[in-house]
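> Build me a model:
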Amino acid sequence: MYSATTHDVRVTVAPLFLENQSEPDEGHFVWAYQVTIGNESTATIQLMRRHWIITDAHGHVQEVEGPGVVGLQPVLPPGEVFEYTSGCPLSTASGFMEGTYKMRWPDTNEMFEVRIPAFSLDSPHGGHSIH
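The predicted model follows:
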């Protein structure tokens, strides 16, 4: 698991390689990742947008931006947790993801960013090297 806290919002990510949805001989590798967002502040917050930076094993970068997550813009009162699961395909056997959520405080309408920790996408199909 990977975790980061920004503005008293904790984001934890647990990636999982999906062997049954991957086709290594075709250069198709799929991961699921479960995200837990915990509001550890004393104010209600709302997740408005996501920005992902996805890097494959060759260093190719793809950025994904959009409203909310999994079609939702959840509101989290103090102490509440929101969990969701999503996925990521790559053409390489490994990679990394990281990003940010754009959040807002509904009381003031002020926007702020929360860091999504960098996490590794590992599969058993990657090459191994000894340094």
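> which residue packs closest to residue 125, ignoring adjacent ones?
residue 93 (4.1 Å; Cβ to Cβ, 6 or more residues apart in numbering). For glycine as for every other residue, the C-beta is placed from the backbone atoms N, C-alpha and C.
> number of nearby residues for that neighbour?
19 (other Cβ atoms under 10 Å).
> Torsion angles phi and psi at it?
Backbone torsions for residue 93, taken as degrees, to the nearest 10, come to phi -80, psi 0.
> my guess is it contacts residue 29, does it?
Yes. Under the criterion of Cβ atoms under 8 Å, residue 93 makes contact with residue 29 at 5.6 Å.
> Now do the shared contacts for the two.
Residues touching both residue 93 and residue 29 by Cβ atoms under 8 Å, 6 or more residues apart in numbering: 123, 125.
> one step back: tell me how far the residue nearest to residue 125 lies from residue 122.
Distance from residue 93 to residue 122, counting by Cβ to Cβ, to the nearest Å: 8 Å.
> if I pick residue 11, what's in contact with it?
Residues in contact with residue 11 (Cβ under 8 Å, 6+ apart) are 3-5, 35-38, 101, 114-117.
> in what helix or strand does the nearest residue to residue 62 once chain neighbours are set aside lie?
Nearest non-adjacent residue to residue 62, counting by Cβ to Cβ, 6+ apart: residue 54, 4.6 Å away. Assigned by DSSP states H and E, residue 54 belongs to strand 45-56.
> Adjacent strands (with direction) for that strand?
strand 61-67 (antiparallel), strand 75-76 (antiparallel), strand 94-105 (antiparallel) (DSSP bridges).
> winner for burial among these?
Ranked by mean neighbour count, those are led by strand 94-105 with a mean of 19 (mean count of other Cβ atoms under 10 Å).
> Mind listing the strands the helix or strand that that one is followed by pairs with, and their directions?
Scanning forward in sequence from strand 94-105 by DSSP H and E, the next helix or strand is strand 110-122. Using DSSP bridges, strand 110-122 pairs in its sheet with strand 94-105 (antiparallel).
> Show the model's pLDDT score for the residue nearest to residue 125.
Note on residue 93: pLDDT of 96.
> same deal with residue 98?
98.
> Also the one 4 residues further on?
Note on residue 102: pLDDT of 98.
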